[in-house]
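**Student:** Fold the following.
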Amino acid sequence: PDLQTIVFHPTNSKIIMTGSDGGIHQSNDLYAKNVVWNSLNNNYSSTQFYTLAIDEKKLSNRIMGGLQDNGTLLSINGNPSESWTLPMSYDGGYCAFSNTEPYIYASKQLDGIAKIELDSKGERINWKRIDPVTSARYLFINPYLLDPNDNNTMYLPITGELWWNEKLKDIVLDGTFTQQTKDWNKVSLSTNFQPSAIAVSEDSKRTIYLGSTTGAILKIENIKSTPIITDITNSIGGRGYINSISIDPSDPDRILTVFSNYNTCLLYTSPSPRDKRQS
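**Tutor:** A predicted model of the protein is given here:
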């Protein structure tokens, strides 16, 4: 993918070499009916990770990431000397291990999230695209999240909207890449709110936090009944693109945010109401 340079052999025009986002490759017969390309990387890896996921719940050595122009790659044992599998191609985006074996979730650039079934070697057996039909704008690498309390629920924030699906287990894999419209629900946000980060608390309340590309932060409660959306931007004080949000597992009202910016502090905490009472 993304060829950066092409070089012909100086004395044999049939032989061609390319430099790309995937490394260096060579064809010995450019004019063959079926051109064969050979990798010359020789243990050299040309990769750039956008995202990374580890198998936290099972405490295994599995690791997976979405890579620029190199798809979603998976290592089933964490051994650096063994090849990774490719459950999904395209530009790799956010990905997630599900505790409902043998499934993972992977995404490509912009829209396009897939539920994927793997075999014991980490190879894809079957898949289906599952993201909802919408005209809202996605980030190039758009976040989404499995509910930490129930991996059959997914939250998907996009411009001005927060979608969720509580019935991932009911999605039947059929090898198609058409959007899944069934069982998706939506709550509207402000039209100019572009989510760049999402976090969900691990308690029964399922408090959701959304960070935006402009530094705004929303706190969403009771999403499955009567959603309460609170803008808590001013209680944080950071500026810039919000890269990630983490929630204190013992206090869902306390969060830590990461801002991507230049020449400024990047980490900010939000004191919980109980902190204010104590002070």
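**Student:** In this structure residue 174 contacts residue 117, no?
**Tutor:** No. With contacts counted by C-beta atoms under 8 Å, residue 174 stays clear of residue 117, the gap being 11.1 Å. From N, CA and C alone the C-beta is placed, and that goes for glycine too.
**Student:** More neighbours: which of these two?
**Tutor:** Neighbour tally, residue 174 and residue 117, criterion other C-beta atoms under 10 Å: the higher count belongs to residue 117, 15 against 10.
**Student:** Run through the residues that contact residue 96.
**Tutor:** 53, 104-105, 144-146 (C-beta atoms under 8 Å, 6 or more residues apart in numbering).
**Student:** now with 6 Å?
**Tutor:** 53, 105, 146 (C-beta atoms under 6 Å, 6 or more residues apart in numbering).
**Student:** partner residues bridging the last one?
**Tutor:** Per DSSP bridges, residues listed as beta-bridge partners of residue 146: residue 154.
**Student:** Next one, pLDDT for it please.
**Tutor:** On the pLDDT scale, residue 146 is placed at 94.
**Student:** what ranges of the protein fall below the confidence cut-off?
**Tutor:** 1, 57-58, 271-279 (pLDDT under 70).
**Student:** Can you show me the helices along it?
**Tutor:** 233-236, 273-278 (DSSP state H).
**Student:** Skipping adjacent residues, who's closest to residue 220 in space?
**Tutor:** residue 208 (4.2 Å; C-beta to C-beta, 6 or more residues apart in numbering).
**Student:** give the contact list for the most centrally placed residue in the chain.
**Tutor:** What sits nearest the mean C-alpha location of the chain, by C-alpha atoms, centre = their mean, is residue 94, with 0.8 Å. Counting by C-beta under 6 Å, 6+ apart, residue 94 makes contact with 51, 107, 143-144.
**Student:** need these in CSV with neighbour count and distance to residue 7, can you?
**Tutor:** Output for the contacts of residue 94, formatted as CSV (neighbours: other C-beta atoms under 10 Å; distance: C-beta to C-beta, whole Å):
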residue, neighbour count, distance to residue 7
51, 18, 33
107, 29, 34
143, 24, 39
144, 21, 40
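**Student:** Reformat the residues you listed into JSON lines and put distance to residue 9 next to each item.
**Tutor:** Compiled in JSON lines, the contacts of residue 94 are given as follows (distance: C-beta to C-beta, whole Å):
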{"residue": "51", "distance to residue 9": "39"}
{"residue": "107", "distance to residue 9": "40"}
{"residue": "143", "distance to residue 9": "45"}
{"residue": "144", "distance to residue 9": "46"}
